[in-house]
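Peer 1: Give me the fold of what follows.
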Amino acid sequence: MSSKQGGKAKPLKQPKKDKSEYDEADLAHIQKKKDEEKALKELKAKASQKGSFGGTGLKKSGKK
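Peer 2: Numbers count the residues shown, from 1 in each chain. Model prediction:
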């Protein structure tokens, strides 16, 4: 007794695209992004070893 008439109709799945061909500009951009991501990971690792910035930790007020 159940039917699929109510609600939104699901869109049909699109077929997967084949690997597209990249030109030199696209390849250069992709390589640049990978390099930036790698440098960012290295900086994060280096920063996590040092600890907090300034070394003061949490500031507490004198009020109670």
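
Peer 1: Backbone dihedrals for the residue most central in space within the chain, please?
Peer 2: In the chain, the centroid-proximal residue (C-alpha atoms, centre = their mean) is residue 37; its distance is 9.9 Å. Note on residue 37: backbone dihedrals following degrees, to the nearest 10 are phi -60, psi -40.

Peer 1: In contact with it, which residues?
Peer 2: For residue 37, no contacting residues are found, by C-beta atoms under 8 Å, 6 or more residues apart in numbering. All C-beta atoms are positioned from the backbone trio N, CA, C, and that covers glycine.

Peer 1: Residue 21 versus that one, what's the distance?
Peer 2: 23 Å (C-beta to C-beta, to the nearest Å).

Peer 1: do residue 8 as well
Peer 2: Taking C-beta to C-beta as the criterion, residue 8 is separated from residue 21 by 36 Å.

Peer 1: now swap in residue 9 and tell me
Peer 2: 35 Å.

Peer 1: before we move on, what about residue 38?
Peer 2: From residue 38 to residue 21 the distance is 25 Å (C-beta to C-beta).

Peer 1: and what of residue 10?
Peer 2: Noted for residue 10: a distance of 32 Å to residue 21, by C-beta to C-beta.

Peer 1: Assign a three-state SS to residue 13, would you?
Peer 2: Residue 13 carries the three-state label coil when classified by DSSP: H, G, I helix; E, B strand; the rest coil.

Peer 1: Mind pulling up the pLDDT for it?
Peer 2: Residue 13 carries a pLDDT value of 85.
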